[in-house]
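Participant: predicted model and sequence follow; I will ask about them next.
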Protein chains: 2
Amino acid sequence: MVLLDDSVVEMRIGELAARAGVSTRALRYYEEQGILHSSRTASGQRVYGPSAVDRVRLIQHLFSAGLASRTIALILPCVDTGHAPPEMLLSLHRERDRISQLMSDLEVARGRLDEVISMTENPDEARCEAVRDSMGRTSAILGAG
Amino acid sequence: MVLLDDSVVEMRIGELAARAGVSTRALRYYEEQGILHSSRTASGQRVYGPSAVDRVRLIQHLFSAGLASRTIALILPCVDTGHAPPEMLLSLHRERDRISQLMSDLEVARGRLDEVISMTENPDEARCEAVRDSMGRTSAILGAG
DNA sequence: CTTGCCCTTGACGTCAACGTGAGGTTTTAG
DNA sequence: CTAAAACCTCACGTTGACGTCAAGGGCAAG
């Protein structure tokens, strides 16, 4: 009976890929990088339990935070065990800071883009000059244009 | 007299690189991509006016916003002329949306990282379970671990 | 048994923003 | 005038997260 339940709940790489919304290539890549493990059938096919779906989603989140696969490979075991050496805690905090920095950089960049947008949406001479000034006279005269 | 002033204010690639905080290789790459122009001396060396510094900084901002060099090449002339075709305005707005989306993605990802950090900093059983639940039982049992 | 889909490993392709010499010329400092 | 520093143009190397093709094996249905 347990076997039947397992068979309902276990899946091969294609189903996991579909459920987690990634490619099978990505999953094999994750395994190659040591951040996702699988059991195998006798014939060598990958088999995953249901928790793998959430694990892949976590991996995706960490990737989208800009963490490298090597960093993720270091972190995940600590997530599993629930504790990490102080050295890793330090690097986790540094990653956090990096993300925060990136976010504020993006905010600045978005502001720049907003200036460009408002400038091109509203080709008013005075306003153009003001915006150009705030952008550091980017297009002054020509010079290096 | 004007010539002297120009000589004071013009610069070659090394000085521009130093002032803008990028490599000379990057500046040549920008030129290759058509997003930074230069005049040349008789012997072929690149010469830039003072406005080039701010232009490079703008380019950096746009890069840090995740815009590709091709996109920047499309935008910059509009920044200079002060107006853009509606098609480009649309794509500018899409870029803006993309950046906003990226920022909120990063916020989510940072939250995930915070969970990992608080979990590993404080290996309290109950709290671990709670965090694991909020992370989707990522490390449940083992399964695909 | 065969059709057909899913799976396997292996290995090369991609894209972007440069880095990094090679090999030679130009400019500048002493 | 000479040596060092800076510049020039190729042009291949790097990094990361996959895409993609090749050449096969496994397995449920008809």
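Facilitator: Sure, I can see it.

Participant: wait, does stretch A:79-99 contact chain B?
Facilitator: Yes - residues of stretch A:79-99 contacting chain B under Cβ under 8 Å from any Cβ of the partner chain: A:79-80, A:82-84, A:88-89, A:92-93, A:95-96, A:99. No exception for glycine: its C-beta is placed from N, CA and C like everyone else's.

Participant: what strand or helix carries A:Gln101?
Facilitator: Following DSSP states H and E, the helix or strand that holds A:Gln101 is helix A:86-121.

Participant: chain center to that helix: distance?
Facilitator: 14 Å (Cα atoms, centre = their mean, to the nearest Å).

Participant: any residue of that helix up close to DNA strand D?
Facilitator: No - residues of helix A:86-121 contacting DNA strand D under Cβ under 7 Å from any atom of the strand: none, with a closest distance of 12.5 Å.

Participant: how about the helices of chain A, start to end?
Facilitator: A:2-9, A:13-20, A:24-32, A:51-64, A:69-81, A:86-121, A:125-134 (DSSP state H).

Participant: quick check: mean pLDDT of the last one?
Facilitator: Going back to what we said before, that points to helix A:125-134. Mean per-residue pLDDT for helix A:125-134: 49.

Participant: and if you look at the longest one?
Facilitator: Taken as a whole, helix A:86-121 has a mean pLDDT of 88.

Participant: only the buried residues of that helix, if you could.
Facilitator: Neighbour counts using 16 or more other Cβ atoms under 10 Å in any protein chain shown place A:88-89, A:92, A:95-96, A:99, A:102, A:106, A:109-110, A:112-113, A:115-117, A:119-120 of helix A:86-121 among the buried residues.

Participant: now do that helix: which elements does it pack against?
Facilitator: helix A:69-81, helix A:125-134, helix B:51-64, helix B:69-81, helix B:86-121 (3 or more Cβ pairs under 8 Å, 6 or more residues apart in numbering or on different chains; DSSP states H and E).

Participant: returning to that earlier point: closest to DNA strand D among the residues of stretch A:79-99 next to chain B?
Facilitator: A:Glu95 (12.5 Å; Cβ to the nearest atom of the strand).

Participant: can you list the domain ranges for chain A.
Facilitator: What automatic domain parsing lists as the domains of chain A is A:1-83, A:85-145.

Participant: now do the longest one, average pLDDT.
Facilitator: Domain A:1-83 shows an average pLDDT of 87 in the prediction.

Participant: what residues does chain A have near DNA strand C?
Facilitator: Checking chain A against DNA strand C by Cβ under 7 Å from any atom of the strand, the hits are A:12-15, A:17, A:24, A:28, A:44-46.
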